[in-house]
Structure formats: C-alpha cells, structure tokens
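S.K.: Can you look at this prediction? I've put the sequence above it.
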Amino acid sequence: MKSAPNTLVLTEAVNKLLEANDLPAALTIEQCASALAMSMTSFRRKLAQEDTSYKLIQNKFINELSVQALLTKHANIDQLAIKLGYSERATFERAFRQKFGTTASKFRELSLVNSAENSYQKLSEIAENIPPMPKSCRQLVEEKDNGNLDLPRVIEIISQDVIFSGRLMGQASKAIYGRTPKNLTEAVSRNLGVDTVVNFAIVYAMRDTLQNDVNEKIIEQYSRAFLLAPKLFQCLRKPLRNEVKFDIAITEQVLVFALLGIFLLSHKAAYKHELMLHSLKGIDDVHSLNRHIKVAMGISIFSASSLMLSLWHIDATLVKQLNNLDNISQFGIKSGRQDELTLFMLSCLYAYAAKHNDVDALKQKAELLGINNFVELDELLSTA
C-alpha cells in the first residue's frame, strides 16, 4: 500500500522508536538505523529526502518531550529528568532554569493557570479591545484595498505623519536597500516599495498601540524582526531566483505578520502571559512553540496573528495563508517548497527575535533545503 505523498514515513518511524525508548536521549543513530533494518547510508539519505536528519528529529523530540510533559498535570519531574538523559533531577532543574528562566515546577504551575478555553476567551477579549489603527496607517490600508495606492498617494499620506516618515527614512537607509535616499519619494520608490511601506505602517501601529501592555523587550525585539523580514526574504531569494517563483507581495506579508500574535499572547492582561515569556526564552523552535502554546493557551501563534489582523481588516488572503502555514506547523504535514522556505525564514526571524544564538539546527535545515547562502543570512540577522 502506497504512502500518502505528504506522509513523512521515516521521520514518523524514528519518532516512534524514540517514544518507545525509556531513554530517548541515549538512542544512537546506529541503533535507530539497525532497528529499522537499514544501512547508515540509506538511513541518512532517506531522512534527507524528508528534509531532516536524525539529530534534528532527536533534538526536537527531546525538547518537545520536556515541555509537553510539563504542560500536563501528572508529569513526574524526577522521571522526566532521567528520561531526558540527566543523572539527577537537580541537574535537569539547573539546565531548565538556565534555558527557560524559571524552574520546571514553576513552568508547570504557570501552564495550569486557568483552562486553555478560558485563556482563549480572554485573548479574544483583549484582541477585540485593541484600539483602531492610526489615521495614516488606516488610509494606506484602505487605499491599497481599493486599488488606489500609487506612489504619489503614498507620499501624500505618510508626509502628514512626521514620526512614521522619519521611521521609513531610517529603514530605507539600511545598506541592503541601496544608497541612502534623499527624500521620501526615493525611500519608497527605490528602496522600500509601496507594499513594504504598508506592512511597516501596520507593524509600527501595532507596536505603538501595545507598547504599554506588552513586555518592552518583546515589543522591541520582535518589532525589529518583523521589520527585518523583507531584507531576509530578499537575501534568501537571490540565489533561488530561477528555481522558486514566489508571490513576493504575499510572502513578504506572511514573513512580516506571521509572528505578530506573540504580542497578543504576551499581553500583560492574558492569563498565561508569564508562561509565554518563559516559553519564548526556552523553546528554540518556532514550530514547537506554536504547538505547545496552542495546548496551553487555546490558540497558536499563527492563529493569534490571524485574529489580530482580521480585527484590523487586513487582507483575507494573508489570513488564509497564515492558516495554511499553521496547519503545516501544527501537524507536521509535508509541504511544498515555497511553504518550506517560508517556514524556514520564520524560524530564522524567531531565532533572531528570541536571541537564540545556537543556529546549528537552522544551518542543517538550510543544507537540507538546498539554501547555499546561510552564512549570508546568518550575518544579516546577527549584525542587524
């Protein structure tokens, strides 16, 4: 019987072996290949065909096991420490505190504050009470929706907003966009582009609206990541220009807005915002974070982003694409190359925003996806 084309057959088999093992951290690649009656060469090659490796699968399994166990009421931390490969609970607790900024016991306690259903209802209430976007941002969005947003109209709108004009000039002056613009017209027409200006207007509007309700570091770090997204996209697609035909406008929107829901989930009025802050600090992989936050708070990051964008009446096509990526992220479905590259870029932006400096997993993923300029991408993120 043939497998469905989107089924990651070998990846699933490896995960089952790890799940069945009493000490999954100690299961070696040799033992795994042998258990599946495969040679090492064949094992590695077939995993690569599924865009992964044994190290990526095992690390992801171990990281998810620890968080998932702590999001349930009955996890025994002593047994969990041993299963994760630690000699004793104290060693595990020290490592967990160093990574997450709190103890495993406290993390579990935070996860049990209210139910996921109550948390979702509270988040919906917070989202519905976010103030409307400022005038210049609203005008840009409305004119774009009506198909009336040309360069003269953009300049007319943003010229009335001195603060936003200054912000755009600052963004347009970055080296990757070309030489420093002399005025707003050059900044928009030559360096940024109309679509990017609209996207940036929404980011700045959301940041300003929520700056007193969300942890200052979260607001600053993630806003910088959202504003960096077009540059990352530009850098990644250069060597892939003849291979992958992106819908540039919608992909840039996805990259700028997909993680916007982190602001809502981190809102100080949210029941589990402290859990969110510790999760951002300790969970390295954005897809693991997305799944675990759905369990704990009743809504995933991508869905939280869609909720905020919908309430501000942002493009329904974007919301549809975010929902598609959420399904891929939540359920691990094999996706097309464009979606894989988009999710990879989101992983890079999350690592940058969350200050996760270990990029080995991202580097390995880049190799599996055939991205040959990862050094350039990493340099762009690390020096931004």
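M.R.: That came through fine. Numbers count the residues shown, from 1 in each chain.

S.K.: For Leu349, give its distance to Asp22.
M.R.: Computed as CB to CB, to the nearest Å, the Leu349 to Asp22 distance reads 37 Å. For glycine as for every other residue, the C-beta is placed from the backbone atoms N, C-alpha and C.

S.K.: just Ala75 next, same as before
M.R.: Applying CB to CB, the value for Ala75 to Asp22 is 16 Å.

S.K.: okay, these two: which has more neighbours?
M.R.: More neighbours sit around Ala75 than around the other of Ala75 and Asp22, counting by other CB atoms under 10 Å; the figures are 16 against 9.

S.K.: Let me know whether the more buried one touches Ser111 as I believe.
M.R.: No - applying CB atoms under 8 Å, one finds Ala75 not in contact with Ser111, separated by 10.1 Å.

S.K.: anything in contact with each of these two?
M.R.: Contact criterion CB atoms under 8 Å, 6 or more residues apart in numbering; no residue bridges Ala75 and Ser111 by contacting each.

S.K.: Any regions of this protein where pLDDT drops low?
M.R.: Counting by pLDDT under 70, the chain contains low-confidence residues at 1-7, 73, 175-178.

S.K.: mind checking the longest helix of it?
M.R.: Of all segments of type helix in the chain, defined using DSSP state H, the longest is helix 216-237.

S.K.: Using PDB, write down the CA coordinates of that one.
M.R.: Written as PDB, here are the backbone C-alpha positions of helix 216-237 (Å, rounded to 0.1, in the frame of the first residue of the first chain):
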ATOM      1  CA  GLU A 216       9.300  46.200  26.500                       C
ATOM      2  CA  LYS A 217      11.900  43.700  25.300                       C
ATOM      3  CA  ILE A 218       9.300  41.600  23.500                       C
ATOM      4  CA  ILE A 219       7.900  44.700  21.700                       C
ATOM      5  CA  GLU A 220      11.400  45.900  20.600                       C
ATOM      6  CA  GLN A 221      13.000  42.600  19.700                       C
ATOM      7  CA  TYR A 222      10.100  41.200  17.700                       C
ATOM      8  CA  SER A 223       9.300  44.500  16.000                       C
ATOM      9  CA  ARG A 224      12.900  44.600  14.800                       C
ATOM     10  CA  ALA A 225      12.500  41.100  13.500                       C
ATOM     11  CA  PHE A 226       9.200  42.000  11.600                       C
ATOM     12  CA  LEU A 227      10.900  45.000  10.000                       C
ATOM     13  CA  LEU A 228      13.900  42.800   9.100                       C
ATOM     14  CA  ALA A 229      11.700  40.300   7.200                       C
ATOM     15  CA  PRO A 230      11.800  41.900   3.800                       C
ATOM     16  CA  LYS A 231      15.600  42.000   3.800                       C
ATOM     17  CA  LEU A 232      15.800  38.400   4.900                       C
ATOM     18  CA  PHE A 233      13.400  37.400   2.100                       C
ATOM     19  CA  GLN A 234      15.400  39.500  -0.500                       C
ATOM     20  CA  CYS A 235      18.600  37.900   0.600                       C
ATOM     21  CA  LEU A 236      17.300  34.300   0.500                       C
ATOM     22  CA  ARG A 237      15.600  34.500  -2.900                       C
END
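
S.K.: For the helix or strand following that helix, output the C-alpha coordinates as PDB.
M.R.: In the C-terminal direction, the helix or strand that comes right after helix 216-237 (DSSP states H and E) is helix 248-257. Listed next in PDB are the C-alpha coordinates belonging to helix 248-257 (Å, rounded to 0.1, in the frame of the first residue of the first chain):
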ATOM      1  CA  ILE A 248       6.600  38.300  -3.500                       C
ATOM      2  CA  ALA A 249       3.900  40.500  -2.000                       C
ATOM      3  CA  ILE A 250       2.000  37.800  -0.100                       C
ATOM      4  CA  THR A 251       5.200  36.000   1.100                       C
ATOM      5  CA  GLU A 252       6.600  39.300   2.500                       C
ATOM      6  CA  GLN A 253       3.300  39.900   4.300                       C
ATOM      7  CA  VAL A 254       3.400  36.400   5.800                       C
ATOM      8  CA  LEU A 255       7.000  37.000   7.000                       C
ATOM      9  CA  VAL A 256       6.200  40.400   8.500                       C
ATOM     10  CA  PHE A 257       3.000  39.300  10.200                       C
END
